[in-house]
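# Need coordinates for the following:
(chains A and B)
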Amino acid sequence: MNNHKGLIFDIQRFSIHDGPGIRTTVFMKGCPLRCLWCSNPESQDFFPNLMVRDINCKGCGACVNACPQGAITMTQAEGRKIEWSRCDQCLLCTGACIYHSLNRRGSYMEVPDIVQEIRKDEGFYRNSGGGVTVSGGEALWQSEIVAQLLAACKAEGMHTALDTTGHSSWEKLASVLNFTDLVLFDVKHLDSGAHRRATGVGNEQILENLVKAAKKKRIWIRMPLIAGFNDSEAHIQELTALAKRNGAEKISLLPYHEGGKAKSPQLGRIYPYPDAVAPAENHIHRLKDIMEKEGIVVSIGS
Amino acid sequence: MELAEDLRSKFVSKAVRNVQRGYTEDDKSRGLFRPEVKLDIQRSRLMTESFKQTDGQAMVIRRAKALAHVLDNMGIFIRDWERIVGYQTSEPEGIYHPIDMNWKSVNRLVNSEAGKTLLNEAEKKELEEICEYWKGKSMSDRQQEMFSGDLAKYWKYEGTFLWTHWSELGIPDYETLLHEGLDARIKRAEERLEEIDKTIPRDYIDQKEFLQSVIIVLKAVINFSKRYAVLATDMAAVEKDPERKGRLEEIAHTCSWIPAHSPRSFLEAVQFFYFIHLIRYLEYSTLGIGLRLDYILGPYYEKDIQTGKLRKEEALETLQLLWVKFLELGLVYSPLVTSVYGGVASLQAITLGGRDKEGRDVTNDLTYLALETARTMRTIEPSIALRIHKDTPDELLSAAMDTIRTGIGYPSFFNDEALIPLLEKWGVPPEDAKMYGVSGCVYMEIPGKNITRRVLGYFVLAKCLWWALHQGINPKTGEQWGAKTPDPATFKSWEDVLEAYLTQVKFFTTKMTEVENTCRDLYAKYCPKPFYSAIVEGCIEQGKECKQWIYPSMVHDFAMVIAGTNVADSLTAIRKVVFEDKLVTLPELAAVMDKNWEGREDLRQACINAPKYGNDDDYADLIAREVHHRTEAVMETVKDRFGYGIRGDGSAVSATYGLAADTPATPDGRMDGGPFADSTLAPQPGMDKKGPTAVLNSCAKIDTLQTYNHLLNQKFLPQFLTDDMKPVFLGYLKTWRDKKISHIQFNVVDKHTLIAAQEYPEKYRDLIVRVAGFSAYFADLSKGLQDHIIARTEQSLS
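Numbering: from 1, shown residues only, chains lettered A, B, ... in the order given. Predicted coordinates for the structure are as follows:
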């Protein structure tokens, strides 16, 4: 990994669901969690990787010749096939493809270049109460770069937000919080066992960080909402209590969507959570009511 | 609300369907109009009667008498629910055709597949007899007779520009008219007549004939209103239902007072305005309104509210009734013209908000009420132009957003911060510039000033680039049609291509303007407009018809420029692919395009992959800036017949789809005949990948002051306009304002709805979409135009 550069998989302008107003969200690549429902699986690896869009393939065969591993084949019967076990993510094929069928996900960028991109929408932030959000992957795994980036944005008077899973050392989180106005703190499940089964890690460190972060900064709690996993009324009551205890300003419930289902095969993976569904509309409203009765501000989907 | 629903079920839409793309048929079998719409030939009949009697008299008198004859004799009616009266024809299903302009196209239309339901056999026969009289006398005959030499060759549409003889607009001086009534105008004309009898100016006869014609038409207008008063009185006498009887008595009361006198109430002011609007339209078949509704009618509303004469709900109903009046106006288009006016009724817009002469914000209760009318009526016209500036209240922006999210496509936003300085640059004095109104798509005009402004044509800039790559020679015929520009093999950079393109722009602007200038002179001589002259400032005072002098500025004449984005993206692709990456030479690229990219998909991909305008990337955006700035500068060097520069304009209507059929493949990767970017500031559909903020940043690099009033479509998903998104939307809009981009409008409908509507048109009969500077029923558009609208990038990211 490069010390002066951040590995980024997307910079999304006109983000309107990652904090207040119109924002630019910088998505840092690499995540220690492996949430089953992950809607951006291309954000997980700590290195740039290949992502395929078969629909764009015109069958020109340029990629077959470009691949040093011989992982790509082209036949009349099956079209282009990639043998993912042989792919070493050298990404030479992405340079050969002119149809945007083989694409590189993730690039290394220096802080001033990222800031320059963010700065472009400064007028929109000012008029809408927006700013910049750093998200992931897990942004704190590149905490040095993220701290530098947010410091630079703050120095220009921008509102800054950090969207985090909370899964990192307190020191790293604290170093970034120094330059953060608002934390969008993700909570997946309040039971550590359930959390571990669905994400690969327990939640002790996460909850500890939440408590500490809330003492220093404004926080919004965000939770993906998956039927049968974390949408029971009892669990929502617990979440509400957590929010109230820590003075969170708002809870956002993000109903599950199938974004990851289509992307997994594009990365040569099998989707690990084929049966997941979002809770029914009326159930979501019931949960919202429960939280609002406790005086919490709730938003659905953002 | 109840009234709105009731009216919605009753009105007869005159919206036209696009049946052609250039000379190519496009869903022609559907017919030009809805089957219930009928051509009403009484205006033609009455005009002809009058013209036969006035042979030998001055044209301005003849036209005044003809209009008076129509107003004195046309069939009139009052419908059940009406409180505002007046109609273009003798039946609600009627539209009229201006026989005095052109008899050939209407005759052709009623005998064609597209127009076969418009007339029955007996009427067709009568029409033929009427046409007989106009042979050699209609404006279209006179034009064709007058065109000689090059003009005879270039006036016909070939694919580079579509010159048209109509779309002549202007906004009457409603403020003064309502304030003093028409009697005062008649008096002024009489006084002027007395005055010239004493002074005997050099143009004594012209002045006298003009002033007499003014008196003839104004008296006829007053009489027209009185006819409604008589009809209403007669109907009231036999009406049993007390509510209807009350309405009829009210109509009688109103119509016996206005427009001779100044209105005594809000309702009378609305009726006064509508008569003026209607009769303008009967004098000369054209588009647009341009009324600054809140500014002009607001004082009458407020006075009635203050005196307790009017309730807000009642005022809302009055506006709803007025909306139906707008809706039921329609025009007869030739099939060729439908390729640029797909889905249009008569392209009418009212203006709200903005500043007054002193620079104060004009927002009042009527501003909000007009928006509420639009929300409850949900109709394609009138479109609303909302003027925005630094002092526009947030509350108004918020009400505008509530209106947009109904999906009707308006209000569209006009930026005073960009447009007032632009008008000043065109020579409009600052106090007038602040008063501008928008009459159609993005047509800006100064109310009350003598601006008989014409759209002289639709100008396909991408075709000019294509000529530049072919030295002005049509490769199919070998004919030198455009300017003789240098051989592309000699070009050393994209700038050389730009220069050749600009030479072509100048060449075709000159041709178009020569045609127009000839025609303008003809219209001044053979088609004077005494009524319009009587309702703007300065004509009566000077004794001069409106075509004989000009409000000194460049507001007047323009060409709608189309596909500037495609020119820019093409030059960018040439810079990247030809001059930087050297994948191909320019002549080779031109040869590949002549074959519509056949066998060279790789090259087309390279061109598509070159940077594109609309992504906030200077590489492409600065070329777009150069293209727009230089195009405008070159066009301005060509002069109208009063010596003012010709300019571009962003009202592309549906020409970005319709006329694109006649431009072969272009270096931006576009295929032969493929649609262009849908407005002057819009990126090519699908090519803007960085979202709506990047689009605005790209747009802002094109300086309004160095170009013209633009048009920008943005398409958003309905979810973007929910209540919790209000700060985001307002923030977006304010940033648009701060960036001094001249215009923006929003199509709010998701792709799935449009696709469903394409499949099941009967279920989505009322679905409205924004096409260009106007809204239309989606079902009225051809499949191709529908696809074009679906393809426009949907701006919403999660």
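# which ones are touching the closest residue to A:A96 other than its chain neighbours?
Spatial nearest neighbour of A:A96, chain neighbours left out: A:A66 (3.7 Å); criterion: Cβ to Cβ, 6 or more residues apart in numbering or on different chains. (C-beta placed from N, C-alpha, C; glycine too.) Counting by Cβ atoms under 8 Å, 6 or more residues apart in numbering or on different chains, A:A66 touches A:I72, A:L92, A:C93, A:G95, A:A96.
# I figured the last one hits A:A62, correct?
In this case it means A:A96. Yes. Contact criterion Cβ atoms under 8 Å: A:A96 and A:A62 qualify, at 4.3 Å.
# domain ranges for the chain?
By default, I'm working from chain A. A:5-46+A:108-300, A:49-105 (automatic domain parsing).
# Let me rephrase: I mean chain B.
For chain B, automatic domain parsing gives the domain ranges B:17-158, B:460-521+B:557-710.
# Please identify the most buried of the ones you listed.
Across those, the average number of neighbours (mean count of other Cβ atoms under 10 Å in any protein chain shown) peaks for domain B:460-521+B:557-710, which reaches a mean of 22.
# That one and chain A in contact?
Yes. On the criterion Cβ under 8 Å from any Cβ of the partner chain, domain B:460-521+B:557-710 is in touch with chain A at B:601-602, B:605-606, B:609, B:616, B:690-694, B:696-697.
# what's the span of that domain, first residue to last?
Criterion Cα to Cα, to the nearest Å; first-to-last residue distance in domain B:460-521+B:557-710 is 15 Å.
# just how off-centre is that domain within its chain?
Between the centre of domain B:460-521+B:557-710 and the centre of its chain there are 23 Å (Cα atoms, centre = their mean, to the nearest Å).
# rewinding a little: give me whichever of the domains of chain A is most buried.
The most buried one of those (mean count of other Cβ under 10 Å) is domain A:5-46+A:108-300, showing a mean of 19.
# quick one: that one to chain centroid distance?
How far domain A:5-46+A:108-300 lies from its chain's middle: 7 Å, per Cα atoms, centre = their mean.
# quick check, it touching chain B?
Yes. Judged by Cβ under 8 Å from any Cβ, domain A:5-46+A:108-300 and chain B are in contact via A:12-17, A:20-22, A:120-121, A:123-124, A:126-130, A:299.
# Just those: which are in strands?
A:Q12, A:R13, A:F14, A:S15, A:S299 (DSSP state E).
# A strand includes B:V577, no?
No. Per DSSP: H, G, I helix; E, B strand; the rest coil, B:V577 lies outside any strand segment and is helix.
# Would you enumerate the residues in contact with it?
Neighbour list for B:V577: B:L583, B:V584, B:L589, B:L603, B:A606, B:C607, B:A610, B:P667 [criterion: Cβ under 8 Å, 6+ apart].
# does the fourth one sit in a helix or strand, and which one?
Under the assignment given by DSSP states H and E, the secondary-structure element containing B:L603 is helix B:601-609.
# tell me the mean pLDDT over the helix or strand that that helix is followed by?
Once the chain leaves helix B:601-609, the next helix or strand it forms, by DSSP H and E, is helix B:618-636. Taken as a whole, helix B:618-636 has a mean pLDDT of 98.
# Let me have helix B:618-636 in CSV, keeping just the CA atoms, if that works.
C-alpha atoms of helix B:618-636 as CSV (Å, rounded to 0.1, in the frame of the first residue of the first chain):
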residue,chain,number,x,y,z
ASP,B,618,-12.3,21.2,-18.6
TYR,B,619,-10.9,19.2,-21.5
ALA,B,620,-14.4,18.9,-23.0
ASP,B,621,-16.2,21.8,-21.3
LEU,B,622,-13.8,24.5,-22.5
ILE,B,623,-14.3,23.3,-26.1
ALA,B,624,-18.1,23.5,-25.6
ARG,B,625,-17.5,27.0,-24.2
GLU,B,626,-15.5,28.0,-27.3
VAL,B,627,-18.1,26.5,-29.6
HIS,B,628,-21.0,28.4,-28.1
HIS,B,629,-19.2,31.7,-27.6
ARG,B,630,-17.7,31.7,-31.1
THR,B,631,-20.9,30.5,-32.8
GLU,B,632,-22.9,33.4,-31.2
ALA,B,633,-20.2,35.9,-32.2
VAL,B,634,-20.2,34.8,-35.8
MET,B,635,-24.0,34.8,-36.0
GLU,B,636,-24.1,38.3,-34.6
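# packing partners for the helix or strand just after it?
The helix or strand immediately downstream of helix B:618-636 is strand B:647-649, counting by DSSP H and E. Secondary-structure packing of strand B:647-649 (3 or more Cβ pairs under 8 Å, 6 or more residues apart in numbering or on different chains; DSSP states H and E): strand B:558-562, helix B:618-636.
# what residues are up against the residue of the stretch 1-150 of chain A found nearest chain B?
Here the residue of the stretch 1-150 of chain A nearest chain B is A:S128; by Cβ to the nearest Cβ that distance is 2.2 Å. For A:S128, the contact set (Cβ under 8 Å, 6+ apart) comprises A:P20, A:G21, A:I22, B:P727, B:V728, B:L730, B:G731, B:Y732, B:K734, B:T735.
# swap the cut-off to 6 Å and go again
A:G21, A:I22, B:P727, B:V728, B:G731 (Cβ atoms under 6 Å, 6 or more residues apart in numbering or on different chains).
# Same list as before, the residues you listed that is, but in JSON lines and with distance to A:H159 included.
Below are these laid out as JSON lines (distance: Cβ to Cβ, whole Å):
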{"residue": "A:G21", "distance to A:H159": "8"}
{"residue": "A:I22", "distance to A:H159": "11"}
{"residue": "B:P727", "distance to A:H159": "13"}
{"residue": "B:V728", "distance to A:H159": "14"}
{"residue": "B:G731", "distance to A:H159": "12"}
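# ok, which pair from those is furthest apart?
A:I22 and B:P727 (8.8 Å; Cβ to Cβ).
# Need the contacts of B:V577 in CSV (columns: pLDDT).
What follows is the contacts of B:V577, written out as CSV (pLDDT from 0 to 100):
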residue, pLDDT
B:L583, 96
B:V584, 97
B:L589, 97
B:L603, 96
B:A606, 95
B:C607, 97
B:A610, 97
B:P667, 98
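# ok, the residue of chain A most remote from its centre to A:G59 distance?
Distance from the C-alpha centroid of chain A, by Cα atoms, centre = their mean, peaks at A:Q76 (38.3 Å). Between A:Q76 and A:G59 the computed distance is 9 Å (Cβ to Cβ, to the nearest Å).
# for B:S256, same thing?
Counting by Cβ to Cβ, the gap from B:S256 to A:G59 is 79 Å.
# quick revisit: can you put the contacts of A:A66 in JSON lines and add secondary structure and pLDDT?
Below are these laid out as JSON lines (DSSP: H, G, I helix; E, B strand; the rest coil; pLDDT from 0 to 100):
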{"residue": "A:I72", "secondary structure": "strand", "pLDDT": "96"}
{"residue": "A:L92", "secondary structure": "helix", "pLDDT": "96"}
{"residue": "A:C93", "secondary structure": "helix", "pLDDT": "96"}
{"residue": "A:G95", "secondary structure": "helix", "pLDDT": "94"}
{"residue": "A:A96", "secondary structure": "helix", "pLDDT": "94"}
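# Just flag the most distant two among these.
A:I72 and A:G95 (13.3 Å).
# so what pLDDT did the residue nearest in space to the middle of chain B get?
Per Cα atoms, centre = their mean, the C-alpha nearest to the average position across chain B is that of B:G440, at 3.6 Å. Per-residue confidence (pLDDT) for B:G440: 82.
# and it, what is it in contact with?
B:L287, B:G288, B:L347, B:A349.
# so how far is B:V592 from the residue in the stretch 501-650 of chain B that chain A sits nearest to?
Nearest residue of the stretch 501-650 of chain B to chain A: B:Q605, at 4.5 Å (Cβ to the nearest Cβ). Distance from B:Q605 to B:V592, counting by Cβ to Cβ: 12 Å.
# what stretches of chain B score poorly on pLDDT?
B:1, B:28, B:165-166, B:340, B:342, B:344, B:772-774, B:792-798 (pLDDT under 70).
# Chain A contacts on that one?
Selection of chain B residues close to chain A by Cβ under 6 Å from any Cβ of the partner chain yields B:605, B:616, B:690-694, B:697, B:727-728, B:731, B:734-735, B:738, B:797-798.
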